[in-house]
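> Predicted structure and sequence below. I'll ask about it afterward.
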Amino acid sequence: MVLSAIDSATTVLAADSGWTILFTGDNLTRLLGGLWTSVSVAGLALVFGIPLGVVLGALRIMHNPVLRAVLRLYLEFFRIIPTLVILFLFYYILPREMGVQVDGETIAVVAFGLWVAAEISDVVRGALISVPEHQVDAGKALGMNGLQLLWYVRLPQSINLMVPATINLAARVIMTTSLLLLISVIDVITVGQQIMEANRMAHPDSAFWVYGFVFLLYFIVCWPLAMIARALEKRAKERNNG
Amino acid sequence: MADPNNFGPNDDEILLSVQHLKKSYGNHEVLKDISFDVPRGKVFVLLGPSGSGKSTLIRCLNGLETIQGGTIAFKGKPIDGTEKTWRRLRTEIGMVFQSYDLFPNLTVAQNILLGPTKVQKRPKDEVERQMDKLLADVQLSEYKNAYPRELSGGQKQRIAIVRALTMNPELMLFDEVTASLDPEMVREVLELMLGLAEHHMTMIVVTHEMEFARRVADTVLFLENGVILERQSGHDFFTHPETDRAKAFLDSMAPISDEE
């Protein structure tokens, strides 16, 4: 029994088994390079999207009904349309219509950045309006203008609600970069598919190992984010109750 | 520099004038036709049953509520009602609320310094000196670097008053500032307000503390259903109220007595 278990384990891990292709040639570096592409697209989208989203979220608590409606429409556009369709829209349709040629990564950063801005605007708006109106009155009673109320009263008291939601969104964006292969960006999944393709004859079981490894990579990146977000959420809740 | 604790009376100057003020929420008229003049250095107390419009009225006086009719004039100038004008005037009209509303993320000192340094743009060291003096007056100097959550309700409310005073207001509005305090803390806040009145601070006060109102009020305005039913000197209102409504109100507010 034990022997046969060891035996089958050695068969699976045998030198000619699929897992070896992860370490053949520069496959590992290429996979990590693909991961870097995914993470950097997500990172840049967040870097551009978050500040824009904060501004849009702050504008959404203003009283101007036209502005609010426009920004609401912007949010709903990115909510209702699947991210893949948005990517296609930006990759295939817009450049052709406008006659500009941009590479897939830039397109992805722009499309994801606008999506992040839309989601963040909702996070920020929700957090800002959770600040009690009487706190805002106290700021007004000190003569503060709208920007000062935002900066000194609303933002500090709602930031602990915004941060966990933002980190969760970051994890979602990183996971959604798996769509990048559909617009010809060499992301981690594209690299994985190339490796499987090249080794189809020698290692028919490579899919298991390559996708398993890709899974592991995504997990290593996203799990800590989820943990941090959860810890911060808990702390925010405790602080609000305290 | 002028002594911040001396709000010396200037005979007969009308600091705040309210004429035919109307306020409604939708079709519901909360304040119907309110007119009164507050001379500089005087204390006006607004009394009335809950729902009579006292709190709404006091919030109209620094523009936290918009009005639908009438005029409010401050230092002889009618207020045009724009947010910009109100913003400027709010640095001259201090307000303290029932819920203290210190900013929880800031220390006592940061709470107090915020308005004078960031809104009024006064030099920090000058404001700090003033703050230190006021904190010493209310015996809370040791809490300068404490956060609001470390303070009792009474301490928070006294800090809120100091925060408003550090702006050097010419008029102070108090909206039921002791209503959420435990009884033993009401006194420390009321004593601070009595001290301000003795220094001739012009004040408009909404309160349910009858004994305090009797001591502090130069004028009592008794409101019911959005109109001023009675206006009298503080002494006269409590000794002989003119209207039956005011009598009934005072009876309802009287302490429970042992005798039957």
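Sure thing, it's come through. Numbers count the residues shown, from 1 in each chain, chains lettered A, B, ... in the order given.
> Check the contact between B:T66 and B:E83; I expect there is one.
No: using Cβ atoms under 8 Å, B:T66 is not in contact with B:E83; the gap is 9.5 Å. Quick note: C-beta positions are derived from backbone N, CA and C, even for glycine.
> what's the lengthiest helix in chain A packed up against?
Longest helix in chain A, counting residues (DSSP state H): helix A:206-241. Here helix A:206-241 touches helix A:27-60, helix A:155-176, helix A:188-198, going by 3 or more Cβ pairs under 8 Å, 6 or more residues apart in numbering or on different chains; DSSP states H and E.
> right, and these - which one's nearest chain B?
Of all these, helix A:155-176 sits nearest to chain B, with 4.4 Å by Cβ to the nearest Cβ.
> what domains does the record give for chain B?
B:39-67+B:80-92+B:170-253, B:102-169 (automatic domain parsing).
> In contact with B:F97, which residues?
B:F97 makes contact with A:H134, A:D137, A:A138, A:A141, B:A160, B:D175, B:V177, according to Cβ atoms under 8 Å, 6 or more residues apart in numbering or on different chains.
> Sorry, wrong one. I was asking about B:L31.
Each residue near B:L31 by Cβ under 8 Å, 6+ apart is listed here: B:L21, B:K22, B:K23, B:S24, B:G53, B:T56, B:L57, B:C60, B:I67, B:G226.
> hmm, the helix or strand that contains the first one touching chain A?
B:L21 is part of strand B:14-25, with elements assigned from DSSP states H and E. No: against chain A, strand B:14-25 shows no contacts by Cβ under 8 Å from any Cβ of the partner chain, the least distance being 15.0 Å.
> picking that back up, got the helices and strands packed on helix A:206-241 as a markdown table, with distance to A:P82 columns?
Supplementary listing: these in a markdown table, determined by distance: least, Cβ to Cβ, whole Å:
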| stretch | distance to A:P82 |
| --- | --- |
| helix A:27-60 | 17 |
| helix A:155-176 | 10 |
| helix A:188-198 | 18 |
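> Tell me which of those helices sits nearest to A:E76.
helix A:27-60 (12.4 Å; Cβ to Cβ).
> Can you tell me how far the residue nearest the centre of chain A is from A:L179?
In chain A, the centroid-proximal residue (Cα atoms, centre = their mean) is A:V173; its distance is 1.4 Å. Distance of A:V173 to A:L179, given as Cβ to Cβ, to the nearest Å: 11 Å.
> quick one on the thing from earlier: distance from the next helix or strand after the strand holding B:L21 to the middle of the chain?
Using DSSP H and E, the helix or strand that directly follows strand B:14-25 along the chain is strand B:28-39. On the basis of Cα atoms, centre = their mean, to the nearest Å, strand B:28-39 sits 16 Å off its chain's mean C-alpha point.
> Go through the contacts of B:F97 and flag which are in helices.
Taking DSSP H, the ones among these that sit in helices are A:H134, A:D137, A:A138, A:A141, B:A160.
> What about the fourth one, how many residues nearby?
Read that as A:A141. As a burial measure, A:A141 scores 28 neighbours (other Cβ atoms under 10 Å in any protein chain shown).
> pLDDT wise, what is it at?
Note on A:A141: pLDDT of 96.
> ok, now the third one?
We have a pLDDT of 96 for A:A138.
> does the residue lying closest to it once chain neighbours are set aside sit in a helix, a strand or a coil?
Spatial nearest neighbour of A:A138, chain neighbours left out: B:D101 (3.5 Å); criterion: Cβ to Cβ, 6 or more residues apart in numbering or on different chains. Secondary structure for B:D101, judged by DSSP: H, G, I helix; E, B strand; the rest coil, is coil.
> Make sure B:D101 is actually in contact with B:I161.
No: using Cβ under 8 Å, B:D101 is not in contact with B:I161, being 11.8 Å away.
> Output the below-cut-off pLDDT ranges for chain A.
A:1-17, A:239-242 (pLDDT under 70).
> Flag every residue of it that's near chain B.
Near chain B, when you scan chain A using Cβ under 8 Å from any Cβ, you find A:134-135, A:137-145, A:148, A:152-153, A:156-157, A:242.
> what about burial for those, which qualify?
A:135, A:137-144, A:148, A:152-153, A:157 (16 or more other Cβ atoms under 10 Å in any protein chain shown).
> and which of those residues is nearest A:P65?
Among those, and counting by Cβ to Cβ, the member closest to A:P65 is A:K140, at 21.2 Å.
> ok, now which ones touch that closest one?
Going by Cβ under 8 Å, 6+ apart, A:K140 touches A:L149, B:L64, B:R87, B:R90.
> among these, who's most crowded?
Neighbour counts for the contacts of A:K140 peak at B:R90, which has 23 neighbours (criterion: other Cβ under 10 Å).
> Give me the nearest residue to that one, chain neighbours excluded.
A:G143 (4.3 Å).
> Wait, the one you found touches B:G94, no?
No: taking contacts as Cβ under 8 Å, A:G143 lies outside contact range of B:G94: 9.9 Å.
> for the strand or helix carrying A:E119, packing partners?
Assigned by DSSP H and E, A:E119 belongs to helix A:104-129. Judged by 3+ Cβ pairs under 8 Å, 6+ apart, the packing partners of helix A:104-129 are helix A:27-60, helix A:65-80, helix A:83-88, helix A:155-176.
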